[in-house]
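Engineer: Mind folding the following:
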Amino acid sequence: MSFQGFIVLFGVGSLSKIAIDEITFFKRKEQMMQNSVLTKLKQAGFSAELIDFLLQFYIGAVNVYGIISLDDLYDLFQKIKEHNAAYPEITSEQFISFGELTGGQSGTHYLVYNPAVFDKYSKQVDNPLTSPLLVNKKVTWTEINIQQIWNLYLEICQECGRLYLTPENLLDYATHEENEDEKNFRQALSELKLDGKKLDKVASRIIPGDTAVNEIIDLVTYIYQSGTGVLYDAENELQFAFEYYKLKLSQREFKEMSMLMKQAVYEQPCWGLGGRSYVEVKGYDTGDDFDETFYDEDDDDFFDWEDDEGLLE
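Structural biologist: Residues are numbered from 1 along each chain as shown. Sure, this is the predicted structure:
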């Protein structure tokens, strides 16, 4: 579901109330539960160093893959560990237990769902889900129920065939530093004005405590990353965001803003490409014309659809 669908379904007032209630709840929950979770982790044999490593690994995973089963992620951990001596020894039981204990806490970038909650849908596919599902928290901005989260997971699996990127070090993806293209897009958005006020000073209408600039960047980037890197979808989301905030741009101004947006997002990992960027899949010259979407009907050839290894039908 896009940002547009999110607004249409709930309306602004309802969203604000939901978000405020959730923030209040999680702040209280964090105060009450944080020490309890750390205690449980330590009682389960997790050292401070192991907790820090797994937290970074999980965050890196949701940044790259978006949604992934913990069984698949543990397989990737083992592959990465083969050429990364700094990675600690971790059993699959420890790996999954960490997710189950931390996946519901505020302050993290992810949620972990018990596979049982997806039974109704999972049993309808050839390879039912048998391990917990690690989900980027951004998914819950737009996919607001279990069925929608499952549908997105299934779509990602079908698009990439579960042929996930195996980076040298997944911890490198736990944090993100904006590059020049991203800074240029943010700066251009910040200079836009709404009722005489610069957009970086305008409060988000959806996310309390945030700005309209951050909201637009996050949602446009999410639309791009959660699929196969279709710039046309991201451009549509940008256009809707401008209409939603009643920002007045000429056709030329919007085209320039769209160009900056495309340059800012196109190197981001795409979940529907198994965590690869479009650049890695097809190759792209930043001097080329961003007015055309990268994705075309021939792109399906990147994955061998005859190889059904792990592919959910």
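
Engineer: Give me the contacts around the host helix or strand of Leu189.
Structural biologist: Taking DSSP states H and E as the definition, one finds Leu189 inside helix 180-191. With contact meaning C-beta atoms under 8 Å, 6 or more residues apart in numbering, helix 180-191 is reached by 178, 198-200, 213, 216-217, 256-257, 260-261, 263-264, 267. (Each C-beta comes from the backbone N, C-alpha and C, glycine too.)

Engineer: Contacts for whichever helix or strand comes after it, please.
Structural biologist: Next helix or strand after helix 180-191 toward the C-terminus (DSSP H and E): strand 193-194. Outside strand 193-194, the residues that touch it by C-beta under 8 Å, 6+ apart are Leu199, Val202, Ala212, Tyr245, Lys246, Leu247.

Engineer: Am I right that the last one is in contact with Leu192?
Structural biologist: Yes - under the criterion of C-beta atoms under 8 Å, Leu247 makes contact with Leu192 at 5.7 Å.

Engineer: shared neighbours of those two, which are they?
Structural biologist: Common neighbours of Leu247 and Leu192, counting by C-beta under 8 Å, 6+ apart, are Leu199.

Engineer: Would you tell me which one of the contacts of helix 180-191 comes nearest to Ile156?
Structural biologist: Closest to Ile156 out of the contacts of helix 180-191 is Glu267 (19.1 Å), distances taken as C-beta to C-beta.

Engineer: which residues in the protein form strands?
Structural biologist: Counting by DSSP state E, the segments of the chain that form strands are 67-69, 110-113, 133-136, 193-194, 197-198.

Engineer: Show me what the second one is packed against.
Structural biologist: Spelled out, that is strand 110-113. Counting by 3 or more C-beta pairs under 8 Å, 6 or more residues apart in numbering; DSSP states H and E, the packing neighbours recorded for strand 110-113 are helix 48-65, helix 92-102, strand 133-136.

Engineer: Now do it: distance to the chain's middle.
Structural biologist: 12 Å (C-alpha atoms, centre = their mean, to the nearest Å).

Engineer: Take the contacts of helix 180-191 and lay them out in TSV including neighbour count and pLDDT.
Structural biologist: Listed next are the contacts of helix 180-191 as TSV, based on neighbours: other C-beta atoms under 10 Å; pLDDT from 0 to 100:
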residue	neighbour count	pLDDT
Glu178	12	94
Lys198	15	95
Leu199	19	95
Asp200	15	94
Val213	22	96
Ile216	26	96
Ile217	21	96
Glu256	13	95
Met257	20	96
Leu260	19	96
Met261	27	96
Gln263	17	93
Ala264	25	95
Glu267	17	90
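
Engineer: which of these lies closest to Leu231?
Structural biologist: For these, the closest approach to Leu231 (C-beta to C-beta) belongs to Met261, at 8.4 Å.

Engineer: what residues are up against that closest one?
Structural biologist: For Met261, the contact set (C-beta under 8 Å, 6+ apart) comprises Phe185, Val220, Ala234, Glu235, Leu238.

Engineer: Can you tell me which of the residues you listed is nearest Gln43?
Structural biologist: Closest approach between those and Gln43, by C-beta to C-beta: Val220, at 42.7 Å.

Engineer: So that closest one sits against Leu238, correct?
Structural biologist: Yes - between Val220 and Leu238 there is a contact under C-beta under 8 Å: 5.2 Å.

Engineer: if we can go back for a sec, can you redo the strands of the chain as TSV with distance to Glu280?
Structural biologist: Output for the strands of the chain, formatted as TSV (distance: least, C-beta to C-beta, whole Å):
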stretch	distance to Glu280
strand 67-69	18
strand 110-113	23
strand 133-136	20
strand 193-194	37
strand 197-198	36
